[in-house]
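Undergrad: take a look and give me a structure for this.
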Amino acid sequence: MTIPAREGRVEEHVEHAAAGRGRVVVADDDVLVREGVISLLERSGFEVVGQAGDAEQLLDLVGEHLPDLAIIDIRMPPTYRAEGLAAAHHIRKEFSSIGIVLLSAYVAVNDAMDLLASCERVGYLLKSRVTDVNDFIDSLERIMKGGSVVDPSLIMELLNARRERQIQLDDGALPDFLPHTAAVRAADWRIAPVPQDLIDRRVAQMEAEGVIFRTNMEVGKAVSVQRLLDDYEVLVLAGGAELPRDLDIPGRELDGVHFAMDFLTQQNKRVAGDAEEKAAPNGAISAKGKHVVVIGGGDTGSDCIGTSNRHGAASVTQLEILPQPPVRENKALTWPDWPLKLRTSSSHEEGAGREFSVLTKRFVGSNGKVEAIECRHVEWVSENGRMAMREVAGSEFTLKADLVLFAMGFLGPRVPGLVEQSGVDLDPRGNVQANTSDYRTSNPRIFACGDMRRGQSLVVWAIREGRQCAESVDAWLMAEARAPA
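TA: Modelled structure (predicted):
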(Lines give C-alpha, C1' and ligand atoms only; values in the text may rest on other atoms or scores of the structure.)
Protein backbone atom coordinates (compact mmCIF):
# COMPACT_ATOMS: atom_id res chain seq x y z
CA MET A 1 0.00 0.00 0.00
CA THR A 2 0.97 3.66 -0.28
CA ILE A 3 1.15 5.81 2.82
CA PRO A 4 -0.43 9.23 2.25
CA ALA A 5 1.39 12.40 3.22
CA ARG A 6 -0.31 15.08 5.30
CA GLU A 7 0.28 18.80 5.43
CA GLY A 8 1.92 20.00 8.61
CA ARG A 9 2.81 16.49 9.80
CA VAL A 10 6.52 17.27 10.08
CA GLU A 11 5.73 20.13 12.45
CA GLU A 12 3.65 17.75 14.59
CA HIS A 13 6.63 15.37 14.84
CA VAL A 14 8.87 18.21 15.94
CA GLU A 15 6.40 19.32 18.61
CA HIS A 16 6.09 15.82 20.02
CA ALA A 17 9.86 15.32 19.92
CA ALA A 18 10.41 18.57 21.78
CA ALA A 19 8.16 17.27 24.55
CA GLY A 20 10.18 14.07 24.64
CA ARG A 21 7.13 11.85 23.95
CA GLY A 22 4.98 11.00 20.94
CA ARG A 23 2.53 8.69 19.19
CA VAL A 24 3.83 5.17 18.52
CA VAL A 25 2.92 2.07 16.53
CA VAL A 26 4.42 -1.26 17.68
CA ALA A 27 4.79 -4.25 15.31
CA ASP A 28 6.01 -7.69 16.39
CA ASP A 29 4.56 -11.13 15.72
CA ASP A 30 5.42 -12.21 19.29
CA VAL A 31 2.50 -10.95 21.36
CA LEU A 32 4.48 -11.15 24.61
CA VAL A 33 7.26 -8.94 23.24
CA ARG A 34 4.70 -6.59 21.78
CA GLU A 35 2.78 -6.24 25.03
CA GLY A 36 5.99 -5.79 27.00
CA VAL A 37 7.16 -2.95 24.76
CA ILE A 38 3.71 -1.31 24.87
CA SER A 39 3.68 -1.47 28.66
CA LEU A 40 7.07 0.27 28.82
CA LEU A 41 5.92 2.95 26.40
CA GLU A 42 2.68 3.70 28.17
CA ARG A 43 4.35 3.88 31.58
CA SER A 44 6.84 6.33 30.11
CA GLY A 45 4.24 8.71 28.68
CA PHE A 46 4.15 7.60 25.04
CA GLU A 47 0.79 7.21 23.30
CA VAL A 48 0.48 3.81 21.59
CA VAL A 49 -1.95 4.35 18.72
CA GLY A 50 -1.78 0.84 17.32
CA GLN A 51 -0.13 -2.58 17.37
CA ALA A 52 0.45 -5.09 14.60
CA GLY A 53 1.43 -8.74 14.28
CA ASP A 54 2.54 -8.68 10.65
CA ALA A 55 3.89 -6.29 8.03
CA GLU A 56 0.53 -5.72 6.29
CA GLN A 57 -1.18 -4.70 9.53
CA LEU A 58 1.74 -2.40 10.28
CA LEU A 59 1.44 -0.53 6.97
CA ASP A 60 -2.32 -0.16 7.42
CA LEU A 61 -1.82 1.31 10.91
CA VAL A 62 0.86 3.73 9.76
CA GLY A 63 -1.34 4.90 6.89
CA GLU A 64 -4.26 5.42 9.25
CA HIS A 65 -2.53 7.07 12.20
CA LEU A 66 0.71 8.54 10.79
CA PRO A 67 2.54 8.09 14.10
CA ASP A 68 5.68 9.86 15.22
CA LEU A 69 7.50 6.57 15.71
CA ALA A 70 7.19 2.99 14.41
CA ILE A 71 8.83 0.20 16.43
CA ILE A 72 9.24 -2.77 14.08
CA ASP A 73 10.48 -6.33 14.46
CA ILE A 74 12.77 -6.99 11.47
CA ARG A 75 11.36 -10.49 10.87
CA MET A 76 7.60 -10.96 10.92
CA PRO A 77 5.00 -13.14 9.16
CA PRO A 78 4.25 -14.34 6.63
CA THR A 79 7.78 -15.37 5.59
CA TYR A 80 9.93 -14.35 8.56
CA ARG A 81 12.44 -13.09 5.97
CA ALA A 82 12.87 -9.45 6.91
CA GLU A 83 9.22 -8.57 6.20
CA GLY A 84 9.38 -5.98 8.97
CA LEU A 85 12.50 -4.46 7.45
CA ALA A 86 10.81 -4.25 4.04
CA ALA A 87 7.91 -2.43 5.67
CA ALA A 88 10.37 -0.05 7.35
CA HIS A 89 11.92 0.78 3.98
CA HIS A 90 8.45 1.41 2.58
CA ILE A 91 7.55 3.73 5.46
CA ARG A 92 10.80 5.66 5.11
CA LYS A 93 10.32 6.07 1.37
CA GLU A 94 6.73 7.31 1.63
CA PHE A 95 6.99 9.41 4.77
CA SER A 96 10.53 10.20 5.89
CA SER A 97 9.54 12.15 9.01
CA ILE A 98 8.32 9.05 10.86
CA GLY A 99 10.99 7.74 13.19
CA ILE A 100 11.80 4.05 12.85
CA VAL A 101 13.14 1.66 15.47
CA LEU A 102 14.19 -1.76 14.21
CA LEU A 103 14.04 -4.57 16.77
CA SER A 104 15.86 -7.84 16.26
CA ALA A 105 16.62 -10.95 18.28
CA TYR A 106 20.07 -10.96 16.65
CA VAL A 107 22.24 -8.76 14.45
CA ALA A 108 21.10 -8.55 10.82
CA VAL A 109 23.71 -6.17 9.46
CA ASN A 110 23.43 -6.96 5.78
CA ASP A 111 19.67 -6.38 5.74
CA ALA A 112 19.59 -3.21 7.79
CA MET A 113 22.72 -1.45 6.54
CA ASP A 114 21.15 0.66 3.79
CA LEU A 115 18.39 1.96 6.02
CA LEU A 116 20.81 2.75 8.83
CA ALA A 117 23.34 4.46 6.58
CA SER A 118 20.98 6.58 4.52
CA CYS A 119 18.85 8.48 6.98
CA GLU A 120 18.30 10.07 10.37
CA ARG A 121 15.54 9.31 12.88
CA VAL A 122 16.31 5.59 12.86
CA GLY A 123 17.36 3.08 15.48
CA TYR A 124 18.56 -0.50 15.52
CA LEU A 125 18.14 -2.24 18.90
CA LEU A 126 18.39 -5.82 20.08
CA LYS A 127 15.39 -7.15 21.96
CA SER A 128 17.65 -8.25 24.80
CA ARG A 129 18.47 -4.60 25.49
CA VAL A 130 14.84 -3.45 25.65
CA THR A 131 14.77 -4.78 29.21
CA ASP A 132 16.97 -1.83 30.22
CA VAL A 133 14.09 0.63 30.47
CA ASN A 134 16.11 3.80 30.88
CA ASP A 135 18.36 3.09 27.90
CA PHE A 136 15.41 2.06 25.76
CA ILE A 137 13.37 5.19 26.47
CA ASP A 138 16.47 7.37 26.08
CA SER A 139 17.06 5.79 22.65
CA LEU A 140 13.49 6.51 21.58
CA GLU A 141 13.80 10.13 22.65
CA ARG A 142 17.02 10.54 20.68
CA ILE A 143 15.30 9.21 17.56
CA MET A 144 12.24 11.40 18.12
CA LYS A 145 14.49 14.45 18.23
CA GLY A 146 16.14 13.64 14.92
CA GLY A 147 19.08 11.51 16.00
CA SER A 148 19.86 7.85 15.43
CA VAL A 149 20.79 4.99 17.75
CA VAL A 150 22.64 1.81 16.80
CA ASP A 151 23.05 -1.04 19.24
CA PRO A 152 26.71 -1.52 20.26
CA SER A 153 26.51 -5.15 19.11
CA LEU A 154 26.12 -3.89 15.56
CA ILE A 155 29.46 -2.11 15.81
CA MET A 156 31.13 -5.33 16.96
CA GLU A 157 29.55 -7.16 14.03
CA LEU A 158 30.93 -4.56 11.65
CA LEU A 159 34.37 -4.94 13.15
CA ASN A 160 34.44 -8.70 12.81
CA ALA A 161 32.13 -9.87 10.04
CA ARG A 162 32.76 -7.05 7.57
CA ARG A 163 36.48 -6.45 7.88
CA GLU A 164 36.87 -6.53 4.12
CA ARG A 165 35.66 -2.92 4.20
CA GLN A 166 38.54 -2.02 6.54
CA ILE A 167 36.24 -0.47 9.14
CA GLN A 168 38.13 1.00 12.06
CA LEU A 169 36.97 2.15 15.47
CA ASP A 170 39.49 4.14 17.46
CA ASP A 171 38.58 5.81 20.76
CA GLY A 172 34.86 5.47 20.04
CA ALA A 173 35.06 6.83 16.47
CA LEU A 174 32.27 5.62 14.17
CA PRO A 175 32.30 4.27 10.61
CA ASP A 176 31.86 7.06 8.08
CA PHE A 177 28.94 5.31 6.41
CA LEU A 178 27.04 5.35 9.72
CA PRO A 179 27.13 9.11 10.29
CA HIS A 180 24.27 9.38 12.74
CA THR A 181 25.14 6.85 15.44
CA ALA A 182 26.15 9.36 18.10
CA ALA A 183 24.37 7.36 20.79
CA VAL A 184 26.87 4.51 20.58
CA ARG A 185 29.28 4.66 23.49
CA ALA A 186 32.55 2.77 23.60
CA ALA A 187 31.87 1.73 27.18
CA ASP A 188 28.76 -0.16 26.03
CA TRP A 189 30.77 -2.84 24.29
CA ARG A 190 33.43 -3.43 26.88
CA ILE A 191 33.18 -5.93 29.71
CA ALA A 192 31.61 -4.45 32.83
CA PRO A 193 32.73 -6.44 35.89
CA VAL A 194 30.68 -6.71 39.06
CA PRO A 195 31.55 -3.68 41.23
CA GLN A 196 34.18 -4.67 43.77
CA ASP A 197 32.31 -2.95 46.61
CA LEU A 198 29.39 -5.36 46.17
CA ILE A 199 31.73 -8.35 46.34
CA ASP A 200 33.49 -6.92 49.40
CA ARG A 201 30.14 -6.32 51.11
CA ARG A 202 28.99 -9.91 50.58
CA VAL A 203 32.33 -11.32 51.75
CA ALA A 204 32.15 -9.17 54.90
CA GLN A 205 28.62 -10.40 55.55
CA MET A 206 29.64 -14.05 55.24
CA GLU A 207 32.69 -13.50 57.46
CA ALA A 208 30.45 -11.96 60.11
CA GLU A 209 28.30 -15.09 59.92
CA GLY A 210 31.36 -17.23 60.68
CA VAL A 211 32.73 -18.19 57.26
CA ILE A 212 36.54 -18.29 57.04
CA PHE A 213 37.97 -17.75 53.54
CA ARG A 214 41.30 -19.34 52.61
CA THR A 215 42.30 -18.25 49.11
CA ASN A 216 45.06 -19.66 46.91
CA MET A 217 44.67 -23.03 48.63
CA GLU A 218 44.33 -25.94 46.20
CA VAL A 219 43.11 -28.90 48.22
CA GLY A 220 45.13 -31.97 47.40
CA LYS A 221 48.15 -29.83 46.64
CA ALA A 222 48.57 -26.97 49.13
CA VAL A 223 46.75 -28.93 51.83
CA SER A 224 45.80 -32.61 51.94
CA VAL A 225 42.29 -34.00 52.27
CA GLN A 226 43.32 -35.93 55.36
CA ARG A 227 44.51 -32.74 57.06
CA LEU A 228 41.07 -31.17 56.48
CA LEU A 229 39.33 -34.26 57.86
CA ASP A 230 41.58 -34.12 60.91
CA ASP A 231 40.66 -30.48 61.56
CA TYR A 232 36.95 -30.47 60.56
CA GLU A 233 33.95 -32.72 61.05
CA VAL A 234 32.68 -32.57 57.47
CA LEU A 235 34.14 -31.93 54.02
CA VAL A 236 31.89 -30.81 51.13
CA LEU A 237 33.18 -31.40 47.60
CA ALA A 238 31.82 -28.58 45.42
CA GLY A 239 34.73 -28.01 43.06
CA GLY A 240 32.83 -28.26 39.78
CA ALA A 241 33.51 -30.32 36.65
CA GLU A 242 36.84 -28.93 35.50
CA LEU A 243 38.14 -31.74 33.27
CA PRO A 244 37.71 -30.45 29.69
CA ARG A 245 36.98 -32.68 26.72
CA ASP A 246 40.06 -32.89 24.51
CA LEU A 247 40.40 -33.51 20.77
CA ASP A 248 43.10 -36.06 20.06
CA ILE A 249 43.75 -35.54 16.35
CA PRO A 250 46.92 -34.85 14.34
CA GLY A 251 48.40 -31.45 15.11
CA ARG A 252 46.99 -31.26 18.64
CA GLU A 253 50.48 -30.42 19.96
CA LEU A 254 50.81 -27.21 17.91
CA ASP A 255 51.14 -23.89 19.67
CA GLY A 256 47.90 -21.91 19.50
CA VAL A 257 45.58 -24.83 20.34
CA HIS A 258 44.13 -24.31 23.81
CA PHE A 259 41.33 -25.29 26.12
CA ALA A 260 38.69 -22.57 26.39
CA MET A 261 39.01 -22.19 30.16
CA ASP A 262 42.74 -21.44 29.91
CA PHE A 263 41.83 -18.55 27.61
CA LEU A 264 38.80 -17.29 29.56
CA THR A 265 40.39 -17.50 33.00
CA GLN A 266 43.19 -15.17 31.93
CA GLN A 267 40.71 -12.58 30.70
CA ASN A 268 38.63 -12.76 33.89
CA LYS A 269 41.74 -12.05 35.94
CA ARG A 270 42.66 -9.09 33.72
CA VAL A 271 39.16 -7.66 34.08
CA ALA A 272 39.45 -8.11 37.85
CA GLY A 273 42.56 -5.89 37.76
CA ASP A 274 45.26 -8.52 38.15
CA ALA A 275 48.68 -7.78 36.70
CA GLU A 276 49.57 -9.70 33.54
CA GLU A 277 52.13 -11.87 35.30
CA LYS A 278 49.40 -13.02 37.69
CA ALA A 279 46.67 -13.30 35.06
CA ALA A 280 48.81 -15.32 32.67
CA PRO A 281 51.79 -16.81 34.54
CA ASN A 282 52.38 -19.36 31.75
CA GLY A 283 52.10 -16.87 28.90
CA ALA A 284 49.25 -14.77 27.55
CA ILE A 285 46.71 -16.25 25.14
CA SER A 286 45.57 -13.36 22.95
CA ALA A 287 43.14 -13.26 20.03
CA LYS A 288 44.24 -9.82 18.83
CA GLY A 289 44.61 -9.76 15.06
CA LYS A 290 44.16 -13.53 14.82
CA HIS A 291 41.78 -15.81 12.98
CA VAL A 292 40.05 -17.60 15.85
CA VAL A 293 38.21 -20.92 15.56
CA VAL A 294 36.06 -22.02 18.50
CA ILE A 295 35.20 -25.73 18.50
CA GLY A 296 31.99 -26.30 20.43
CA GLY A 297 28.61 -24.58 20.39
CA GLY A 298 27.64 -24.15 24.05
CA ASP A 299 27.87 -21.33 26.59
CA THR A 300 31.64 -21.68 26.96
CA GLY A 301 32.05 -21.34 23.20
CA SER A 302 29.88 -18.24 23.28
CA ASP A 303 32.12 -16.73 25.96
CA CYS A 304 35.16 -17.43 23.77
CA ILE A 305 33.52 -15.58 20.88
CA GLY A 306 32.76 -12.50 22.95
CA THR A 307 36.22 -12.39 24.51
CA SER A 308 37.92 -12.85 21.13
CA ASN A 309 35.91 -9.98 19.70
CA ARG A 310 36.96 -7.74 22.55
CA HIS A 311 40.59 -8.69 22.00
CA GLY A 312 40.25 -7.49 18.40
CA ALA A 313 40.32 -10.79 16.51
CA ALA A 314 40.61 -10.64 12.73
CA SER A 315 37.78 -13.18 12.46
CA VAL A 316 35.89 -15.59 14.70
CA THR A 317 34.34 -18.86 13.52
CA GLN A 318 32.45 -21.36 15.67
CA LEU A 319 32.24 -25.04 14.70
CA GLU A 320 29.54 -27.39 15.95
CA ILE A 321 29.50 -31.11 15.16
CA LEU A 322 25.70 -31.34 15.53
CA PRO A 323 23.26 -30.14 12.84
CA GLN A 324 21.79 -26.64 13.03
CA PRO A 325 18.64 -26.59 15.18
CA PRO A 326 15.42 -25.02 13.86
CA VAL A 327 15.00 -21.27 14.37
CA ARG A 328 11.69 -21.86 16.15
CA GLU A 329 10.98 -24.84 18.38
CA ASN A 330 7.97 -27.11 17.97
CA LYS A 331 6.35 -26.41 21.33
CA ALA A 332 3.76 -29.15 20.93
CA LEU A 333 6.53 -31.75 20.61
CA THR A 334 9.05 -30.45 23.13
CA TRP A 335 7.00 -29.21 26.10
CA PRO A 336 7.77 -29.61 28.98
CA ASP A 337 11.31 -30.53 27.95
CA TRP A 338 13.97 -27.94 27.10
CA PRO A 339 13.07 -26.78 23.57
CA LEU A 340 15.42 -27.56 20.72
CA LYS A 341 15.97 -24.38 18.71
CA LEU A 342 18.78 -22.22 17.40
CA ARG A 343 20.05 -20.06 20.25
CA THR A 344 21.86 -16.85 19.48
CA SER A 345 23.69 -15.24 22.41
CA SER A 346 24.82 -11.64 22.77
CA SER A 347 28.33 -12.83 21.85
CA HIS A 348 27.05 -14.24 18.56
CA GLU A 349 25.34 -10.92 17.94
CA GLU A 350 28.69 -9.17 18.28
CA GLY A 351 29.95 -11.11 15.29
CA ALA A 352 30.96 -14.69 14.50
CA GLY A 353 30.62 -17.18 11.67
CA ARG A 354 28.77 -20.35 12.67
CA GLU A 355 29.24 -23.72 10.95
CA PHE A 356 27.14 -26.77 11.84
CA SER A 357 27.62 -30.50 11.15
CA VAL A 358 31.39 -30.03 10.96
CA LEU A 359 34.00 -32.56 12.07
CA THR A 360 37.54 -31.32 12.72
CA LYS A 361 40.04 -33.73 11.16
CA ARG A 362 43.49 -32.19 11.55
CA PHE A 363 45.38 -29.11 12.70
CA VAL A 364 47.92 -27.81 10.22
CA GLY A 365 50.86 -25.54 10.96
CA SER A 366 54.52 -24.74 10.54
CA ASN A 367 57.36 -23.89 12.91
CA GLY A 368 55.32 -25.43 15.71
CA LYS A 369 52.37 -23.02 15.37
CA VAL A 370 48.86 -23.75 14.15
CA GLU A 371 47.87 -22.06 10.88
CA ALA A 372 44.76 -23.86 9.66
CA ILE A 373 42.17 -26.54 10.41
CA GLU A 374 41.12 -29.27 8.03
CA CYS A 375 37.44 -30.12 8.38
CA ARG A 376 34.73 -32.22 6.79
CA HIS A 377 30.95 -31.97 6.87
CA VAL A 378 28.97 -34.79 8.45
CA GLU A 379 25.38 -35.98 8.33
CA TRP A 380 23.39 -37.59 11.11
CA VAL A 381 21.39 -40.72 10.27
CA SER A 382 19.31 -43.13 12.32
CA GLU A 383 20.86 -46.54 12.87
CA ASN A 384 19.11 -49.10 15.07
CA GLY A 385 17.11 -46.40 16.77
CA ARG A 386 20.13 -44.21 17.50
CA MET A 387 21.60 -41.24 15.67
CA ALA A 388 24.95 -41.94 14.06
CA MET A 389 27.42 -39.61 12.38
CA ARG A 390 28.62 -40.16 8.83
CA GLU A 391 31.25 -38.12 7.04
CA VAL A 392 30.10 -36.60 3.75
CA ALA A 393 32.41 -37.60 0.92
CA GLY A 394 33.95 -34.69 -0.95
CA SER A 395 32.97 -32.12 1.70
CA GLU A 396 36.50 -31.36 2.90
CA PHE A 397 37.42 -27.73 3.53
CA THR A 398 40.11 -25.75 5.33
CA LEU A 399 39.77 -22.82 7.72
CA LYS A 400 42.53 -20.36 8.51
CA ALA A 401 43.27 -20.51 12.22
CA ASP A 402 45.90 -18.77 14.33
CA LEU A 403 44.10 -19.58 17.58
CA VAL A 404 41.95 -22.65 18.26
CA LEU A 405 39.84 -22.90 21.42
CA PHE A 406 38.28 -26.16 22.65
CA ALA A 407 34.82 -25.51 24.12
CA MET A 408 33.41 -29.02 23.81
CA GLY A 409 32.18 -29.43 27.35
CA PHE A 410 33.59 -31.07 30.46
CA LEU A 411 33.93 -34.74 31.31
CA GLY A 412 33.70 -34.37 35.09
CA PRO A 413 35.86 -33.34 38.06
CA ARG A 414 39.64 -33.48 37.90
CA VAL A 415 40.63 -36.67 39.71
CA PRO A 416 44.28 -36.01 40.70
CA GLY A 417 44.55 -34.20 44.01
CA LEU A 418 41.27 -33.56 45.80
CA VAL A 419 39.11 -36.39 44.43
CA GLU A 420 41.92 -38.92 44.41
CA GLN A 421 42.95 -38.20 48.00
CA SER A 422 39.35 -38.26 49.24
CA GLY A 423 39.04 -41.89 48.16
CA VAL A 424 35.30 -41.55 47.43
CA ASP A 425 33.51 -43.70 44.89
CA LEU A 426 32.87 -42.34 41.41
CA ASP A 427 29.87 -43.01 39.17
CA PRO A 428 30.25 -44.54 35.67
CA ARG A 429 30.70 -41.05 34.17
CA GLY A 430 33.56 -40.18 36.53
CA ASN A 431 31.62 -37.86 38.84
CA VAL A 432 31.69 -38.13 42.62
CA GLN A 433 28.94 -40.58 43.54
CA ALA A 434 26.31 -39.18 45.92
CA ASN A 435 22.50 -39.16 45.88
CA THR A 436 20.21 -36.14 46.19
CA SER A 437 18.52 -37.26 49.40
CA ASP A 438 21.48 -36.49 51.67
CA TYR A 439 24.40 -35.77 49.24
CA ARG A 440 26.71 -38.10 51.20
CA THR A 441 29.49 -39.94 49.41
CA SER A 442 30.94 -43.37 50.20
CA ASN A 443 32.82 -41.63 53.02
CA PRO A 444 30.21 -40.64 55.66
CA ARG A 445 32.10 -37.44 56.48
CA ILE A 446 32.39 -36.25 52.89
CA PHE A 447 29.47 -34.73 50.97
CA ALA A 448 29.33 -33.66 47.30
CA CYS A 449 27.10 -31.33 45.29
CA GLY A 450 26.87 -29.33 42.07
CA ASP A 451 28.82 -30.22 38.93
CA MET A 452 31.28 -32.32 40.91
CA ARG A 453 28.39 -34.67 41.70
CA ARG A 454 26.07 -34.34 38.68
CA GLY A 455 28.56 -33.43 35.94
CA GLN A 456 28.56 -30.38 33.71
CA SER A 457 25.31 -28.51 34.22
CA LEU A 458 23.73 -25.10 34.84
CA VAL A 459 24.51 -22.73 37.69
CA VAL A 460 20.89 -22.90 38.88
CA TRP A 461 21.40 -26.59 39.62
CA ALA A 462 24.60 -25.80 41.51
CA ILE A 463 22.74 -23.24 43.64
CA ARG A 464 19.91 -25.68 44.37
CA GLU A 465 22.21 -28.58 45.23
CA GLY A 466 24.45 -26.36 47.35
CA ARG A 467 21.51 -25.30 49.49
CA GLN A 468 20.15 -28.82 49.84
CA CYS A 469 23.61 -30.18 50.63
CA ALA A 470 24.02 -27.55 53.36
CA GLU A 471 20.73 -28.69 54.89
CA SER A 472 21.93 -32.30 54.83
CA VAL A 473 25.23 -31.37 56.47
CA ASP A 474 23.38 -29.44 59.16
CA ALA A 475 21.05 -32.39 59.81
CA TRP A 476 24.00 -34.79 60.05
CA LEU A 477 25.92 -32.52 62.44
CA MET A 478 22.85 -32.04 64.66
CA ALA A 479 22.29 -35.79 64.75
CA GLU A 480 25.94 -36.34 65.70
CA ALA A 481 25.63 -33.75 68.46
CA ARG A 482 22.54 -35.48 69.89
CA ALA A 483 24.09 -38.95 69.73
CA PRO A 484 25.09 -40.41 73.15
CA ALA A 485 28.78 -40.32 73.91
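Undergrad: SS state for the residue nearest to residue 37 when sequence neighbours are not counted?
TA: The shortest distance from residue 37 to any non-neighbouring residue, by Cβ to Cβ, 6 or more residues apart in numbering, is to residue 26 (5.3 Å). Every C-beta, even on glycine, is put in place using the N, C-alpha and C of the backbone. Judged by DSSP: H, G, I helix; E, B strand; the rest coil, the three-state class of residue 26 is strand.
Undergrad: cool, residue 102 as well?
TA: strand.
Undergrad: give me the nearest residue to it, chain neighbours excluded.
TA: residue 124 (4.8 Å).
Undergrad: what of residue 388?
TA: residue 381 (5.8 Å).
Undergrad: which pLDDT value goes with that neighbour?
TA: On the pLDDT scale, residue 381 is placed at 89.
Undergrad: tell me what the host helix or strand of it is packed against?
TA: Assessed by DSSP states H and E, residue 381 sits inside strand 369-383. If you count contacts as 3 or more Cβ pairs under 8 Å, 6 or more residues apart in numbering; DSSP states H and E, strand 369-383 packs onto strand 358-366, strand 386-391, strand 397-400, strand 403-406.
Undergrad: pick the most deeply packed of these.
TA: Of all the helices and strands packed on strand 369-383, strand 403-406 has the most neighbours on average by mean count of other Cβ atoms under 10 Å, namely a mean of 26.
Undergrad: relative to the whole chain's centre, how far out is it?
TA: Offset of strand 403-406 from its chain centre (Cα atoms, centre = their mean, to the nearest Å): 18 Å.
Undergrad: so what are the sheet partners of that strand and their directions?
TA: strand 257-259 (parallel), strand 291-295 (parallel) (DSSP bridges).
Undergrad: got TSV for those strands, with mean pLDDT too?
TA: Converted to TSV, the strands paired with strand 403-406 look like this (pLDDT from 0 to 100):
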stretch	mean pLDDT
strand 257-259	96
strand 291-295	95
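Undergrad: can you map out the helices along the stretch 201-350 of the chain?
TA: 225-231, 260-271, 276-279, 299-311, 331-334, 346-350 (DSSP state H, counting those that start in this stretch).
Undergrad: who does the third one touch, helix- and strand-wise?
TA: The reference is to helix 276-279. helix 260-271.
Undergrad: so for the helix it packs on, what gets flagged as buried?
TA: Going by neighbour count (16 or more other Cβ atoms under 10 Å), the buried part of helix 260-271 is 260, 261, 263, 264, 266, 267, 269, 270, 271.
Undergrad: any idea how far the residue nearest to residue 37 lies from residue 383?
TA: Using Cβ to Cβ, to the nearest Å, we find residue 26 at a distance of 49 Å from residue 383.
Undergrad: higher neighbour count, the two?
TA: Neighbour count, other Cβ atoms under 10 Å: between residue 26 and residue 383, residue 26 has more, with 28 against 10.
Undergrad: right, and that one touches residue 49 too?
TA: No. Using Cβ atoms under 8 Å, residue 26 is not in contact with residue 49; the gap is 9.5 Å.
Undergrad: low-confidence ranges in the chain?
TA: Within the chain, the set of residues satisfying pLDDT under 70 comprises 1-20, 77-82, 105-119, 128-132, 150-195, 331-338, 485.
Undergrad: tell me the domain boundaries of it?
TA: 9-189, 196-240+412-482, 246-408 (automatic domain parsing).
Undergrad: buried deepest among these, which one?
TA: domain 9-189 (a mean of 18).
Undergrad: strands of the stretch 51-200 of the chain, start to end?
TA: Along the stretch 51-200 of the chain, counting by DSSP state E, counting those that start in this stretch, strands occupy 69-73, 99-104, 122-126, 148-150.
Undergrad: show me what the longest helix anywhere in the chain is packed up against.
TA: Scanning the chain for the longest helix, with DSSP state H as the assignment, gives helix 459-482. Applying 3+ Cβ pairs under 8 Å, 6+ apart, one finds that helix 459-482 contacts strand 446-448, helix 451-454.
Undergrad: from memory the residue nearest to residue 388 sits against residue 387, does it?
TA: Yes. Counting by Cβ under 8 Å, residue 387 is a contact partner of residue 381 at 7.2 Å.
Undergrad: now do the end-to-end distance for stretch 422-432.
TA: Taking Cα to Cα, to the nearest Å, the span from the opening residue of stretch 422-432 to its closing residue is 10 Å.
Undergrad: the chain should start at 20 in everything you say after this.
TA: Understood, numbering begins at 20; the last thing we discussed is stretch 441-451.
Undergrad: what does stretch 237-247 contact?
TA: Contact with stretch 237-247 is made by 235, 236, 254, 258, 435, 436, 437, 438, 439, 440, 441, as judged by Cβ atoms under 8 Å, 6 or more residues apart in numbering.
Undergrad: before we move on, what about stretch 45-60?
TA: Identification of contacts with stretch 45-60 by Cβ under 8 Å, 6+ apart yields 43, 67, 69-74, 76-77, 80, 89-92, 95-96, 103, 106, 122, 146, 149, 152, 155-156, 159.
Undergrad: got the buried residues of helix 279-290 as TSV, with distance to residue 478 columns?
TA: Listed next are the buried residues of helix 279-290 as TSV, based on distance: Cβ to Cβ, whole Å:
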residue	distance to residue 478
279	17
280	15
282	20
283	15
285	21
286	19
288	20
289	22
290	19
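Undergrad: ok, those residues vs residue 473, which is closest?
TA: When the buried residues of helix 279-290 are compared for distance to residue 473 (Cβ to Cβ), residue 280 wins out at 18.8 Å.
Undergrad: list the residues that contact the closest one.
TA: Here residue 280 is in contact with 261, 263, 319 (criterion: Cβ under 8 Å, 6+ apart).
Undergrad: quick check: the nearest residue to the second one once chain neighbours are set aside vs residue 81, distance?
TA: Of all residues not flanking residue 263 in the chain, residue 278 sits nearest, at 4.7 Å (Cβ to Cβ, 6+ apart). Using Cβ to Cβ, residue 278 is found at 52 Å from residue 81.
Undergrad: perfect, that will be all.
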